[in-house]
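Participant: Quick one: sequence and predicted model below, then my questions.
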Amino acid sequence: MAAITAGMVAELRGKTDAPMMECKRALTEAEGDMVKAEELLRVKLGSKAGKAAARVTAEGVVAAYSEGHVGSLIEVNCETDFVTKNDSFLSLANAAAMLVAKYNPADVAALAALEYSQDGFGPTLEDVRKGLIGKIGENMTFRRFKRFDSGASLASYLHGTRIGVVVEFVGDAVAAKDVAMHVAAMKPVSLSSDQVPAELVERERSVAAAKAAEDAAVALAAGKPVQSAEIVAKRIDGGVQKYLKEVSLFNQAFVKNDKQTVEQMLKAAATTVNGFTLYVVGEGIEKKVDDFAAEVAAQVAAAKQSA
């Protein structure tokens, strides 16, 4: 059998971008034949893409694109933070953001069917995605995107690659960019208090009511007077109003000058914000937490049973 050298492994890895150990296995199976090893890897990488598709993708990047008054924001996910530094993965995300803005796909499936290079001959985004899954060995998904074409100006801000914001505005571009940075830092849920989703308001009211009931129980146990129902109702309403101010953009203290609200800053800059979109990588995705000790124990137990 031909000796498999580190140089041979490095050469095959350079050609295929496959994991090092898989390159070594392929070369061993091919008895050092580089062409045959590459073919074996292509077969294995294709099957790997299918296996990877079932794995959770809670890491990833957010990418933005704008041209004139048209733009986009997209989240592309992967399994580990390591892949978010890969140039090919970043290129995929940026290409997807551009295609969303230019071609207005109806959904993720329509986006994936678009040609990566738009030259009429190249692979689709889905082809490129599957190819990267095979090369890197991790699942990747186009999770969500939003296209902007309301006629308003656009200001975007990316905090690294994990947080992305697009602000739709009329007026001063510098003020709008500051708002985008503010949104990334403070994460409001709506423009104004009256736009906060009803389910969030009710959840906050329930929390305030539970706290009031707990305080009443403590007072009773200590033999102290309990507040009247009217006062309790006012406390609950006050707690809800405080929450609404904290989570609505216009009412928040501006991060660059906490002596004024965002609304006051925008008024001074003669700027109107019509909307914003905030993406945080992995938001709402349940991440798998691996218990390494349990995994090792399970492997030991399985080895003993098969012995």
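Facilitator: On my side now, so go ahead.
Participant: in stretch 123-141, what's buried?
Facilitator: By neighbour count with 16 or more other Cβ atoms under 10 Å, stretch 123-141 contains the buried residues 125-126, 128-141. Just so you know, the C-beta spots here come from the backbone N, C-alpha and C atoms, and that holds for glycine as well.
Participant: Contacts for stretch 89-105 next, please.
Facilitator: Residues external to stretch 89-105 that are found in contact with it (Cβ atoms under 8 Å, 6 or more residues apart in numbering): 60-67, 70-74, 76, 78, 83-84, 111, 113-114, 116, 118, 125, 128-129, 132, 136, 140, 142, 145, 147-149, 161.
Participant: Inside strands: which ones of these?
Facilitator: 60-67, 70-74, 76, 78, 140, 142, 145, 147-148 (DSSP state E).
Participant: Would you write a ChimeraX line that selects the buried entries of those?
Facilitator: Only the buried entries of the ones in strands among the contacts of stretch 89-105 go into this ChimeraX selection, using 16+ other Cβ under 10 Å:
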select :60,61,62,63,64,65,66,70,71,72,73,74,76,78,140,142,145,147,148
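Participant: related to what we said a few turns ago, among the buried residues of stretch 123-141, which are in helices?
Facilitator: 125, 126, 128, 129, 130, 131, 132, 133, 134, 135, 136 (DSSP state H).
Participant: What is the nearest of those residues to residue 166?
Facilitator: residue 125 (20.7 Å; Cβ to Cβ).
Participant: gap between that closest one and residue 137?
Facilitator: 19 Å (Cβ to Cβ, to the nearest Å).
Participant: ok, now residue 13?
Facilitator: From residue 13 over to residue 137 (counting by Cβ to Cβ), the distance is 12 Å.
Participant: which residues are in contact with both of those two?
Facilitator: Joint contacts of residue 13 and residue 137 (Cβ under 8 Å, 6+ apart) are residue 19.
Participant: and stretch 273-289, which residues are buried?
Facilitator: Buried residues in stretch 273-289, counting neighbours by 16+ other Cβ under 10 Å, are found at 273, 276, 277, 278, 279, 281, 282.
Participant: Now for the closest residue to the first one other than its chain neighbours, how many residues are close by?
Facilitator: Computed as Cβ to Cβ, 6 or more residues apart in numbering, the closest residue to residue 273 that is not its neighbour in sequence is residue 169, at 4.9 Å. Residue 169 is flanked by 23 other residues according to other Cβ atoms under 10 Å.
Participant: Confirm residue 169 sits in a strand?
Facilitator: Yes. Assignment of residue 169 by DSSP: H, G, I helix; E, B strand; the rest coil places it within a strand.
Participant: need the strands for this protein, in chain order.
Facilitator: Applying DSSP E to the chain gives strands spanning 59-67, 70-78, 140-148, 153-159, 163-170, 253-254, 257-261, 272-280.
Participant: the inter-axis angle of the first one versus strand 272-280?
Facilitator: Here strand 59-67 runs at an angle of 150 degrees relative to strand 272-280 (axes from the mean of the first three to the mean of the last three Cα atoms, to 10 degrees).
Participant: Strand 59-67 pairs with which strands?
Facilitator: strand 70-78 (antiparallel) (DSSP bridges).
Participant: And for the third one?
Facilitator: Within its sheet, and counting by DSSP bridges, strand 140-148 is paired with strand 70-78 (antiparallel).
Participant: can you list the ones in helices among the buried residues of stretch 123-141 in TSV and add distance to residue 183 and pLDDT?
Facilitator: Output for these, formatted as TSV (distance: Cβ to Cβ, whole Å; pLDDT from 0 to 100):
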residue	distance to residue 183	pLDDT
125	28	93
126	32	92
128	31	92
129	29	93
130	34	91
131	35	91
132	30	92
133	32	91
134	37	87
135	35	88
136	32	87
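Participant: so residue 113 makes contact with residue 124?
Facilitator: Yes. Residue 113 is in contact with residue 124 according to Cβ atoms under 8 Å; the separation is 5.6 Å.
Participant: Now do the helices in the stretch 151-300 of the chain.
Facilitator: Along the stretch 151-300 of the chain, counting by DSSP state H, counting those that start in this stretch, helices occupy 173-186, 198-221, 229-247, 262-268, 292-306.
Participant: beta partners of the closest residue to residue 275 other than its chain neighbours?
Facilitator: The shortest distance from residue 275 to any non-neighbouring residue, by Cβ to Cβ, 6+ apart, is to residue 168 (4.7 Å). Beta-bridge partners recorded for residue 168 (DSSP bridges): residue 154, residue 275.
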